[in-house]
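Engineer: Give the three-dimensional model of this entry:
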Amino acid sequence: MADGKYFSTTKKGEIHELKEELASLDRPKKKEAVKKVIAAMTVGKDVSMLFPHVVNCMQTEDLELKKLVYLYLINYAKTQPDLAIMAVNTFVKDSQEPNPLIRALAVRTMGCIRVDKITEYLCDPLQRCLKDDDPYVRKTAAVCVAKLFDINPELVEDRGFLDMLRDMLSDANPMVVANALAALQEIQEISGKEVLQITSHTLFKLLAALNECTEWGQVFILDSLINYQVQDSKDAEKIVERVLPRLQHVNSAVVLSAAKVVLRMMEEVRNDELIKVWTRKMAPPLVTLLSAEPEVQYVALRNINLIVQRWPQILAHEVKVFFCKYNDPIYVKMEKLEIMIKLASEKNIDQVLLEFKEYAQEIDVDFVRKAVRAIGRCAVSLEKAAQRCISVLLELIQTKVNYVVQEAVIVIKDIFRRYPNQYESIIAQLCENLESLDEPEAKASMIWIIGEYAERIDNADELLETFLETFPEETSMVQLQLLTATVKLFLKKPTDSVQRMIQLVLSCATNETDNPDLRDRAYVYWRLLSTDPEVSLLVINRQSRQGLADTRV
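Structural biologist: Numbering: from 1, shown residues only. Next comes the predicted model:
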């Protein structure tokens, strides 16, 4: 906290004072000056004019002072490349220091200075450090290769650094293995070429390092195992045996990476009993992730969402843990809702519907809409639960909340399409809410229902006429649906009033619109009606069933 004083100076002539202090022979005074320079640089002041004076401070045995100077160099070397060359000799000298911390610091800093002139001088020190006796220096040098590849890929390939990294995967130190692996993965991502091939020998080394390296090292190793091509089922079983303990790790990234490896290997295993055991072991760690902070929860939920699409049995009995809490952020609630839909089954549908009904009465409009749609998706995917879902939707319609009613109408239309001629008894209740519909999708859905079941609705022509009054002002979605519904009504109930309606709609759609889709559909219908009404009915009924597969979850 004592270093806070360096950030509070706003004196005039400060740069001149700093130059004098940087040139001082008094080491503590010189260090104080460098700290002031770093503080000024941190708050955004331009102290690049001090570059030569700061570089002169590199020649020191003081590790703290050397770190500060290196930090300054990383920041300003790009804007002062010619002056940065002055530091090269010191870098090379430091890379041969007896102290491994200084050797590692030198090679790390040279890797961070993205100046072409300096990268030429980096190769020899980097090659030495990759073979250094100290594992700390080796692991630092491994990461430096990835940075050098980003600056000059050809140089890395020509000097054989990639082969050296591959050899380091067999290093005795687990952290060196993890860093070499991380560097190879980054290079593979940058280049788009396959530079990392995991063989059975490499696999053994990686699994041995897994238990001993840091948590982020474990993440790199686990992520690389996903791309390993297993030889047979036994090979996959051995990998899972070594990876399963990682599911109990305190770090959520390690847990998710381990889960990915287990799921990948489950695809290769033929033993059903073993798969059942693994799925039981995977559920508790995944559930535990939901007790973390919201940001971690969100990442975990996104991963769980993918997992349950392929392996729903893993969390089939855990649907309750995904029930939304009152203080969950909206992005967490939305993800939980998606997972609940996927985990809904005939056994738990009553619990799930009770939750959805509660969510549909909350304050957040987007969340309410999503909850109502969730009820519809459950009805579409679970045939035996469809009646219960419709009952809940009708209860929500009775609340007379505008946006709830509109969403309910939209999802009921999907249910009608999924289960034709089964739930028409509720149409009368839907028609009572026509006046509250003002959103295009809700209007289009209600119009579709009226057209589809025109023969069972006594006043279908009157209902459609209320929409036709505003035909020119409606969106294209509503206009297209009105056109089709009116044609259906005419084919099913060819009365004089309906005939006037169809002539009005076809005239408007062909003469008074700029929408080519609407105009073309109107011409097609007109010609069909002029030639053979029976064929027209077949064509239009077929069209009304179109998209049925899309409503199935």
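
Engineer: Now tell me which helix or strand of the protein has the poorest mean pLDDT.
Structural biologist: In the chain, the helix or strand scored least confidently by mean pLDDT, DSSP states H and E is helix 533-545, which has a mean of 62.

Engineer: which stretches of the stretch 1-150 of the chain have low pLDDT?
Structural biologist: 1-13 (pLDDT under 70).

Engineer: Helices of that one, start to end?
Structural biologist: Assigned by DSSP state H, counting those that start in this stretch, the stretch 1-150 of the chain shows helices spanning 14-22, 27-42, 51-55, 63-76, 81-84, 88-94, 100-112, 116-130, 135-151.

Engineer: in the second one, what's buried?
Structural biologist: Of the residues in helix 27-42, those with enough neighbours to count as buried (16 or more other CB atoms under 10 Å) are Lys30, Lys31, Glu32, Ala33, Val34, Lys35, Lys36, Val37, Ile38, Ala39, Ala40, Met41. C-beta: built from backbone N, CA, C; applies to glycine.

Engineer: Turn those into CSV, including distance to Glu295.
Structural biologist: As requested, the buried residues of helix 27-42 are arranged in CSV below (distance: CB to CB, whole Å):
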residue, distance to Glu295
Lys30, 43
Lys31, 39
Glu32, 40
Ala33, 41
Val34, 37
Lys35, 34
Lys36, 37
Val37, 36
Ile38, 31
Ala39, 31
Ala40, 34
Met41, 31
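
Engineer: List just the nearest of those to Leu222.
Structural biologist: Ile38 (37.5 Å; CB to CB).

Engineer: Leu121 reaches Thr90, doesn't it?
Structural biologist: If you look again at residue 121, you'll see it is Tyr, not Leu. No. With contacts counted by CB atoms under 8 Å, Tyr121 stays clear of Thr90, the gap being 11.1 Å.

Engineer: More neighbours: those two, which one.
Structural biologist: Set side by side, Tyr121 and Thr90 show unequal neighbour counts under other CB atoms under 10 Å, the larger going to Thr90 at 19 against 16.

Engineer: shouldn't that one be in contact with Cys57?
Structural biologist: No. At 10.1 Å, Thr90 and Cys57 do not qualify as touching, with contact defined as CB under 8 Å.

Engineer: Let me know the distance separating the residue of the chain positioned farthest from its centre from Ile502.
Structural biologist: Using CA atoms, centre = their mean, the residue of the chain lying farthest from its centre is Asp496. It sits 56.8 Å away. According to CB to CB, to the nearest Å, Asp496 stands 11 Å off from Ile502.

Engineer: can you check Ala379 too?
Structural biologist: Using CB to CB, which is the criterion applied here, Ala379 is 33 Å from Ile502.

Engineer: before we move on, the earlier item: let me know the closest of the buried residues of helix 27-42 to Thr202.
Structural biologist: Using CB to CB, Ile38 is the member of the buried residues of helix 27-42 that lies nearest Thr202, at 42.1 Å.

Engineer: Is that closest one in contact with Tyr72, as I believe?
Structural biologist: Yes. The pair Ile38 and Tyr72 qualifies as a contact (CB under 8 Å) at a distance of 6.2 Å.

Engineer: Now Cys112. Nearest residue, chain neighbours left out?
Structural biologist: Ile74 (4.7 Å; CB to CB, 6 or more residues apart in numbering).

Engineer: For the one you found, which residues are in contact?
Structural biologist: The contact partners of Ile74, taken as CB atoms under 8 Å, 6 or more residues apart in numbering, are Thr109, Cys112, Ile113.

Engineer: The first one contacts Phe91, doesn't it?
Structural biologist: Yes. Thr109 lies in contact with Phe91 (CB under 8 Å); the separation is 6.9 Å.

Engineer: about what we covered before: identify whichever of the helices of the stretch 1-150 of the chain lies nearest to Leu464.
Structural biologist: For the helices of the stretch 1-150 of the chain, proximity to Leu464 was assessed by CB to CB; helix 135-151 is nearest, at 64.2 Å.

Engineer: what packs against that closest one?
Structural biologist: Using 3 or more CB pairs under 8 Å, 6 or more residues apart in numbering; DSSP states H and E as the contact definition, the elements that helix 135-151 packs against are helix 100-112, helix 116-130, helix 153-158, helix 161-168, helix 174-191.

Engineer: Go again with 6 Å.
Structural biologist: helix 100-112, helix 116-130, helix 161-168, helix 174-191 (3 or more CB pairs under 6 Å, 6 or more residues apart in numbering; DSSP states H and E).

Engineer: okay, now Asp517: neighbour count?
Structural biologist: Residues lying near Asp517 (other CB under 10 Å) number 11.

Engineer: That one in helix, strand or coil?
Structural biologist: helix (DSSP: H, G, I helix; E, B strand; the rest coil).

Engineer: What's the per-residue pLDDT of it here?
Structural biologist: Note for Asp517: predicted pLDDT of 91.

Engineer: what about it, distance to Thr470?
Structural biologist: Counting by CB to CB, the gap from Asp517 to Thr470 is 19 Å.

Engineer: just Glu194 next, same as before
Structural biologist: Taking CB to CB as the measure, Glu194 and Thr470 are separated by 61 Å.

Engineer: what about those two, which has more around it?
Structural biologist: Between Glu194 and Thr470, counting by other CB under 10 Å, Thr470 is the more crowded of the two (11 against 8).

Engineer: Now the phi/psi pair for that one, please.
Structural biologist: Here the main-chain torsion angles of Thr470 (degrees, to the nearest 10) amount to phi -110, psi 20.
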